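when you get a sec, could you give me coordinates for this:
(one chain, ligands or ions: 1)
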Amino acid sequence: MRAHWPVPTVDPSLTVEAFGLRFAHPLGLAAGFDKNGEYVDALGALGFSHIEVGTVTPRPQPGNPRPRLFRLRHIQTLLNRMGFNNQGADYVAARLQRSSYRGIRGVSIGKNADTPLERAADDYVACLRKLYAVADYFAINVSSPNTQRLRELQAPDALTDVIVPLQQERERLAKTHGKRVPLLVKISPDLDREVLRDICATMKRHGVDGVIAANTTVGSTTLRALAKDLGTGGFSGMPLAPRGIGIIADLREELGNAFPIIASGGIMDGEGALMRLRAGANLLQVYTGFVYRGPALVNEILEVLPHVAD
Ligand SMILES: Cc1cc2nc3c(=O)[nH]c(=O)nc-3n(C[C@H](O)[C@H](O)[C@H](O)COP(=O)(O)O)c2cc1C
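Numbers count the residues shown, from 1 in each chain. Model prediction:
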């Protein structure tokens, strides 16, 4: 007999429409789990409504030397400094081409480590071209702490310099491919309110389709002290929970009701998922919770989702 994981059937009332796409329900898998789009079919079978592959760079690159990923099990946390290890945009495009996953495929795009910051836009545009045919949405990753100076691209002028060429190229590609692929921006949780306000204004001004909040955190002094022997990187999982909820509320206030927000960061159980939706998120993504709890987390969240309005 063929063993299979019991994928929960979801109520049609859980459908989410955002940036022109229809998601079967809010829960997806965050970027960085399937960097090369190699496991989309298997991960999709666990019940995610969307899977964000990548972060992909134009050219393949090895990422940082190992060890580069650590579990801090007692606090349900991961520390990583992977550094965009991936096989490059052509490879990922070919893998996605071959997958039969019927959910939404997001593609997170970034820049190669050896591309100077001033040329970053060229890398994002190169990824957009190579992956346009196979992507349902793009996430512009300007928030990984593990690529030197990448987060500087969140400053309004720098962000504009990335978004505008992407928008222009998207308009061109939309005509040749007969589809308009939405562009989202993924931001850091380590931004103060003023910077967040500037980013929101920039995104709205330039017609960004949605925001993903947030990436890993460089951590508080306390968190860094707990990991002092492990070196640098971004923390994810439980310690991100308070900011993970707070940033959704802040963004909703800044962006108004119509702007789509994907919550990422510290969603470790069903209750955490409900809290993000109640704070104003349209969609959810898990990573570290999924690492610690496995597919049972997907089922737990899907079971509680109908209770969001309770
Ligand atoms: C090992 C690892 C690799 C990651 N790689 C990426 C990445 O390539 N691109 C990206 O946008 N986010 C990446 N992330 C961040 C996650 O997508 C997610 O935003 C973050 O971990 C917070 O969610 P969580 O607390 O549920 O893990 C990575 C996270 C981890 C733990």
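
all helices for the stretch 51-200 of the chain, in order.
Assigned helices in the stretch 51-200 of the chain, in chain order: 89-98, 120-131, 156-177, 193-205 (criterion: DSSP state H, counting those that start in this stretch).

pick out the residue of the stretch 1-150 of the chain closest to the ligand.
Residue nearest to the ligand within the stretch 1-150 of the chain: Gly32 (2.0 Å; CB to the nearest ligand atom). No exception for glycine: its C-beta is placed from N, CA and C like everyone else's.

any idea how far Asn86 is from that residue?
Here the distance between Gly32 and Asn86 works out to 10 Å (CB to CB, to the nearest Å).

just want to know which of those two has more residues nearby.
For Gly32 against Asn86, the residue with the higher neighbour count under other CB atoms under 10 Å is Asn86, and the figures read 26 against 23.

now the helix or strand of the chain with the lowest mean pLDDT - C-alpha only, PDB.
Of the helices and strands making up the chain, the lowest-confidence element is helix 221-226, at a mean of 90, by mean pLDDT, DSSP states H and E. In PDB, the C-alpha atoms belonging to helix 221-226 read as follows (Å, rounded to 0.1, in the frame of the first residue of the first chain):
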ATOM      1  CA  THR A 221      22.000  41.800  22.600                       C
ATOM      2  CA  THR A 222      20.500  39.000  24.700                       C
ATOM      3  CA  LEU A 223      19.900  36.800  21.700                       C
ATOM      4  CA  ARG A 224      23.400  37.400  20.400                       C
ATOM      5  CA  ALA A 225      24.800  36.600  23.800                       C
ATOM      6  CA  LEU A 226      23.000  33.200  23.700                       C
END
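
show me which residues of that helix are buried.
For helix 221-226, the buried set under the neighbour-count rule, 16 or more other CB atoms under 10 Å, comprises Leu223, Leu226.

anything in that helix near the ligand?
No - judged by CB under 6 Å from any ligand atom, helix 221-226 makes no contact with the ligand; its nearest approach is 12.7 Å.
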